[in-house]
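> I would like to see how this sequence folds:
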Amino acid sequence: MPGGRLTQQERQQIASGLADGLAYAEIARRLDRPTSTITREVMRNGGPVAYRADLAHRATERRAHRRRQAAPRGRQAPPQAHGRDPEAVREYEETFTTLFMQQGLPKMTARVLTCLFTTDAGSLTASELVQRLQVSPASVSKSVAFLESQGLLRRERDDERRRERYVVDNDVWYQSTMAAARSSAQLAEVARQGVGILGPDTPAAARLENIARFTDFIGETIARAAEQAREVLFTSTETAPDGTAELASDR
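Numbering: from 1, shown residues only. A predicted model of the protein is given here:
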């Protein structure tokens, strides 16, 4: 399987495949590349509708140029914590960001969430996010506000530094899941309101009642599963003397 960055010819093949309605997996198979590589390439360069091979190639060259300029001159970039491979970390962050974008998050919001998820502390200040992502404070503020509204992070006051910190700890993940369950319940409630308005014996009302019953079931299942699995978020994996994994509660 070939490695390295995509060539301009490969990007043209990607554009042709998208125009022909091919799935990412099929395009990847024809190029002998991982599907994740094709997905990431398309999503960070306009998506399947707006993707253009020449624009994508120039954008990649600009990103590479900016990274070279940002690297310390005369010496190597400082090592990652825990001996991590900086290039592997960057590729993983791009993969994570692409996944969030596929799930509907705007690109900048996806980048902020990825940054928070992949930092060891699980929290960052606005200035730290600005520095890490090389974006404006306004961009960070807008993304944080959206993520907070979705229950995907929470704010904490850093009394020592007198700044707010944005946190994505285990409880935030649980609360976000419960917010999704409440959203399903709200959809079911609104759908049922339509049954009475449109008439109980009409096709539209029957459709809405089915939607309500379906989303009721989904919401209740999500809430029940989250409650049952909550302890998993607070359980660490430790290695036993015989090399097997053991679960130990963090609480």
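> Which secondary structure state is assigned to Leu6?
coil (DSSP: H, G, I helix; E, B strand; the rest coil).
> Would you mind measuring from the residue nearest the centre of the chain to Phe234?
Nearest to the geometric centre of the chain sits Phe100, at 2.7 Å (C-alpha atoms, centre = their mean). Using C-beta to C-beta, to the nearest Å, Phe100 is found at 24 Å from Phe234. Heads up, the C-betas are built off the backbone N, CA and C, glycines and all.
> Tell me how many other residues crowd Ala154.
I think there's a mix-up here, since residue 154 is Arg and not Ala. Neighbourhood size, Arg154 [other C-beta atoms under 10 Å]: 17.
> May I have the secondary structure class of the residue nearest to the centre of the chain?
Phe100 - assigned by three-state DSSP - is helix.
> Distance check, it against Thr109.
From Phe100 to Thr109 the distance is 8 Å (C-beta to C-beta).
> Okay, now the unreliable bits of this structure?
1-3, 63-80, 159-161, 236-251 (pLDDT under 70).
> One more pass at 80, please.
Residue ranges of the chain with pLDDT under 80: 1-4, 44, 46, 59-83, 102-103, 158-162, 233-251.
> Packing partners of the biggest helix by length in it?
For the chain, the longest helix by residue count, based on DSSP state H, is helix 203-233. Contacts defined by 3 or more C-beta pairs under 8 Å, 6 or more residues apart in numbering; DSSP states H and E place helix 203-233 against helix 170-198.
> list the buried ones in the helix it packs on?
172-174, 176-178, 181, 184-185, 187-188, 191-192, 194-195 (16 or more other C-beta atoms under 10 Å).
> what ranges do the helices span in the chain?
8-19, 24-31, 35-43, 47-50, 53-70, 86-102, 107-118, 126-133, 137-149, 170-198, 203-233.
> got the CA coordinates for the second one in CSV?
Think helix 24-31. What follows is helix 24-31, C-alpha atoms only, in CSV (Å, rounded to 0.1, in the frame of the first residue of the first chain):
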residue,chain,number,x,y,z
TYR,A,24,-15.0,6.6,-0.5
ALA,A,25,-14.2,2.9,0.0
GLU,A,26,-14.3,2.3,-3.8
ILE,A,27,-12.2,5.3,-4.6
ALA,A,28,-9.7,4.1,-1.9
ARG,A,29,-9.6,0.6,-3.4
ARG,A,30,-8.8,2.0,-6.8
LEU,A,31,-6.0,4.1,-5.5
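> ok now it, how far from the chain's centre?
Relative to its chain's centre, helix 24-31 lies at 23 Å (C-alpha atoms, centre = their mean, to the nearest Å).
> So this structure: which segments form each domain?
8-70, 86-167, 170-237 (automatic domain parsing).
> mind listing what's buried in stretch 21-40?
Leu22, Tyr24, Ile27, Ala28, Leu31, Arg33, Thr37, Ile38, Thr39, Arg40.
> picking up where we left off before, distance-wise, check the residue nearest to the centre of the chain relative to Gly196.
38 Å.
> Repeat that for Val89.
54 Å.
> repeat for Ala205
Distance from Ala205 to Gly196, by C-beta to C-beta: 8 Å.
> just Arg33 next, same as before
Taken as C-beta to C-beta, the span from Arg33 to Gly196 is 53 Å.
> Could you report the neighbour count for the nearest residue to Ala59 once chain neighbours are set aside?
Spatial nearest neighbour of Ala59, chain neighbours left out: Asn45 (5.9 Å); criterion: C-beta to C-beta, 6 or more residues apart in numbering. Per other C-beta under 10 Å, the neighbour tally for Asn45 reads 20.
> List the contacts of Asn45.
Tyr51, Arg52, Leu55, Ala56, Ala59 (C-beta atoms under 8 Å, 6 or more residues apart in numbering).
> can you pull up the bridge partners for Arg155?
With DSSP bridges applied, Arg155 shows beta-bridge pairing to Tyr166.
> Report the separation between it and Ala180.
Where Ala180 is concerned, Arg155 sits at a distance of 20 Å (C-beta to C-beta).
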